[in-house]
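Engineer: build me a structure from this.
(one chain, ligands or ions: 1)
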Amino acid sequence: MASGSGSNFEAIVRAVKKKKIKNAVVALVITDQENAFVRCRARRHGIKDIFVDPAGYKSRELFDRHLVRLIKNAGADLVVLAGYMRVLTPGFVKAFRNRVVNIHPALLPAFKGVNAIERAYRRGVKVTGVTVHFIDEQVDHGPIIAQKALEVRAGESLASLEQRVHRVEHRLYSEMIDHLLREKTKVKGRYVSCK
Ligand code: GRF
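Structural biologist: Predicted structure coming up:
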């Protein structure tokens, strides 16, 4: 599920093609943005994409219920949020408990929410990074699966830091998706253990 450019989606598709993510199929792309570039990427790779217009639903719950149906019909084992900008309802979270992953471009719980790279940069942090986590009912809050830290270089520009964070995201997300699809993962409270 994505709302924007889809560079993480692209990295995932490439990792599947190169068998870095083994025995996997990207079944479906769902977006809430009609003009999201991720749709062009999906078509280029021959992957089905569906735009679901939130304006067509009376409530967030009804919108999410429709997404749950689409995902179940696609037979997905894992739901991957890749720059999906809507907050998921408790009904959605419950339907796929510990099967929805998200990537965040900071070391959670620091810099939750949008523009995390820029906010970390402007705050003057020396270390930032990337977090992959399961979703729960709160934004950027669910149990942490993996994190990768990155040192901010002296005098580095925001653009350079953004580029390096995204590079880390693309690698880490694919590695974790491969892992989650193949290994047994236990979630106990806030703790995730991968065998
Ligand atoms: C990424 O930085 C991701 O961490 C965040 O949204 C951004 C999506 O970028 N959740 P893209 O659409 O995958 O290029």
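
Engineer: okay, buried residues for the least confident helix or strand in the chain by mean pLDDT please.
Structural biologist: Ranked by mean pLDDT, DSSP states H and E, the weakest helix or strand in the chain is strand 191-194, scoring a mean of 90. Going by neighbour count (16 or more other Cβ atoms under 10 Å), the buried part of strand 191-194 is V192. Every residue, glycine included, has its C-beta placed from N, CA and C.

Engineer: show me what that strand is packed against.
Structural biologist: The helices and strands touching strand 191-194, judged by 3 or more Cβ pairs under 8 Å, 6 or more residues apart in numbering; DSSP states H and E, are strand 144-151, strand 185-188.

Engineer: is the first one positioned near the ligand?
Structural biologist: In this case it means strand 144-151. No - using Cβ under 6 Å from any ligand atom, strand 144-151 never reaches the ligand; the gap is at least 11.9 Å.

Engineer: so what does that strand touch, helix or strand wise?
Structural biologist: strand 127-134, helix 158-182, strand 191-194.

Engineer: ok, residues contacting the longest one?
Structural biologist: Okay, so that is helix 158-182. If you take Cβ atoms under 8 Å, 6 or more residues apart in numbering as the criterion, helix 158-182 is touched by 7-8, 11-12, 15, 20-24, 77-78, 80, 82, 101, 103, 105, 117-118, 121, 128-130, 132, 145-146, 148, 150, 152-153, 185, 194.

Engineer: outside of stretch 30-50, which residues touch it?
Structural biologist: 1-6, 9-10, 13, 26-29, 51-54, 67, 70-71, 82-86.

Engineer: repeat for stretch 5-17
Structural biologist: 2, 21, 24-26, 29, 36-39, 41-42, 45, 47, 80, 82-83, 103, 166, 169-171, 173-174, 177-178.

Engineer: so which bits of that stretch are buried?
Structural biologist: For stretch 5-17, by 16+ other Cβ under 10 Å, it's S5, G6, S7, N8, F9, E10, A11, I12, V13, A15, V16.

Engineer: alpha carbons of it, in CSV - could you do that?
Structural biologist: Provided in CSV are the C-alpha atoms of stretch 5-17 (Å, rounded to 0.1, in the frame of the first residue of the first chain):
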residue,chain,number,x,y,z
SER,A,5,6.5,7.8,-5.4
GLY,A,6,7.0,4.2,-4.5
SER,A,7,10.7,3.9,-4.5
ASN,A,8,10.4,1.4,-1.7
PHE,A,9,7.9,-0.6,-3.8
GLU,A,10,10.4,-0.5,-6.7
ALA,A,11,13.2,-1.8,-4.4
ILE,A,12,10.9,-4.6,-3.2
VAL,A,13,9.9,-5.7,-6.7
ARG,A,14,13.5,-5.7,-7.8
ALA,A,15,14.5,-7.8,-4.8
VAL,A,16,11.7,-10.3,-5.6
LYS,A,17,13.0,-10.5,-9.2
